[in-house]
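Trainee: Could you work out the structure for the sequence below:
(one chain, ligands or ions: 1)
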Amino acid sequence: MPQREKSQGIMGSESVKVVVRCRPLNDREKALSSKMVLSMDLQHCQCFIEKPGAVDEPPKPFTFDGTYHIEQTTEQLYNEIAYPLVEVSLTEGYNGTIFAYGQTGSGKSFTMQGVSDPAAQRGVIPRAFEHIFESIQCAENTKFLVRASYLEIYNEEVRDLLGSDTKQRLELKEHPERGVYVRDLSMHTVHSVGGCERIVEQGWRNRAVGYTLMNKDSSRSHSIFTVHLEICHTGENRQ
Ligand SMILES: Nc1ncnc2c1ncn2[C@@H]1O[C@H](COP(=O)(O)OP(=O)(O)OP(=O)(O)O)[C@@H](O)[C@H]1O
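Mentor: Sure, this is the predicted structure:
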């Protein structure tokens, strides 16, 4: 599978990689008889965009670090893109971020949060929880502390989705060593995949949601879910 081989190098020399995912047409677009204008060459990680009606113009090509068309699942995307990122965090302690960007209704929540049925479309976040806790269970002579935080940026204001007052506006600060942080953001210790899922659900319920023309369940905000991992080697082969 050439694409898999290419994407397995996702943790290579460059620290930022960009992949693109295309979703199927939704009911509204089908009702409008909209036409898919995007095609992909998965092997070469290229997208081609046609200009509707411009039959003489060749489709415009764009190259990414990974391409996922409507047949590709979140399972595949996780294994190729997110797995290596979570794995280096667990084994080498690097920070990693997966940033989903796109207009309303483009599929950010579908990819990050996902759906439980079919199982192959479960999101990146629940998959990362399983990945982290499976590694913890297999690790010997090691203690882990897993904590989570969840914030929302809505109308330029930062709010703690897991805080006691989810309406309170929090301040952005800068620390000389730790860099930018959100003052008073609550951190929650989690012991299991189920515990992580409960926290995500709790925060998800507190998000600003609403209707947009493109997405009836639009989240209407930006959110950042962070898993903070502390690892302590306890055995004789301590590093
Ligand atoms: N790859 C996909 N396969 C099938 N359905 C998808 C896919 N991506 C998105 N969808 C569907 O498209 C709709 C919009 O997706 P989603 O809510 O994830 O968009 P969003 O980018 O999070 O939007 P918003 O920014 O408004 O919150 C949902 O009904 C979702 O199930």
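
Trainee: Next one: the residue lying farthest from the centre of the chain from the ligand, what distance?
Mentor: For the chain, the residue at maximal distance from the C-alpha centroid (Cα atoms, centre = their mean) is Asp56, at 38.0 Å. Taking Cβ to the nearest ligand atom, to the nearest Å as the measure, Asp56 falls 31 Å from the ligand. Where you see a C-beta, it was placed from the backbone N, CA and C, and this is true even at glycine.

Trainee: and what of Glu92?
Mentor: In this view, Glu92 and the ligand are 31 Å apart by Cβ to the nearest ligand atom.

Trainee: State the three-state secondary structure for the residue farthest from the centre of the chain.
Mentor: coil (DSSP: H, G, I helix; E, B strand; the rest coil).

Trainee: Tell me the spacing between it and Val37.
Mentor: Taking Cβ to Cβ, to the nearest Å as the measure, Asp56 falls 15 Å from Val37.

Trainee: Let me know whether Ile153 touches Arg207 as I believe.
Mentor: No: using Cβ atoms under 8 Å, Ile153 makes no contact with Arg207, being 10.8 Å away.

Trainee: Need the residues touching each of those two.
Mentor: Taking Cβ atoms under 8 Å, 6 or more residues apart in numbering as the criterion, Ile153 and Arg207 both touch 221, 223.

Trainee: Neighbour count for those two, which is higher?
Mentor: Comparing Ile153 with Arg207 by neighbour count (other Cβ atoms under 10 Å), the higher total belongs to Arg207, at 18 against 15.

Trainee: Quickly find the element holding that one.
Mentor: Here Arg207 sits in a region with no helix or strand, counting by DSSP states H and E.

Trainee: just the strands in the protein please.
Mentor: 19-21, 38-41, 46-49, 60-63, 66-68, 142-154, 157-160, 169-170, 172-175, 179-182, 188-189, 222-233 (DSSP state E).

Trainee: Could you dump those into TSV with mean pLDDT and distance to Asp27 added?
Mentor: Converted to TSV, the strands of the chain look like this (pLDDT from 0 to 100; distance: least, Cβ to Cβ, whole Å):
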stretch	mean pLDDT	distance to Asp27
strand 19-21	97	19
strand 38-41	96	19
strand 46-49	96	23
strand 60-63	97	27
strand 66-68	96	21
strand 142-154	93	27
strand 157-160	94	32
strand 169-170	96	37
strand 172-175	95	39
strand 179-182	92	38
strand 188-189	97	37
strand 222-233	91	26
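
Trainee: For Ser89, find the nearest of those.
Mentor: Checking the strands of the chain against Ser89 by Cβ to Cβ gives strand 222-233 as the closest, at 6.5 Å.

Trainee: And the contacts of the closest one?
Mentor: 89-90, 93, 125, 128-129, 132, 141-154, 161, 187, 196, 200, 203, 207, 239.

Trainee: Then stretch 166-182?
Mentor: By Cβ under 8 Å, 6+ apart, the residues outside stretch 166-182 that reach it are 151, 157-160, 183-185, 206.

Trainee: Can you say which of these are buried?
Mentor: By neighbour count, with 16 or more other Cβ atoms under 10 Å, the contacts of stretch 166-182 hold 151, 158-160, 185, 206 as buried.

Trainee: Closest to the ligand out of those?
Mentor: Ranked by distance to the ligand (Cβ to the nearest ligand atom), the buried ones among the contacts of stretch 166-182 are led by Asn206 at 14.7 Å.

Trainee: Do I have it right that the closest one meets Tyr154?
Mentor: No: Asn206 is beyond contact range of Tyr154, at 10.7 Å (criterion: Cβ under 8 Å).
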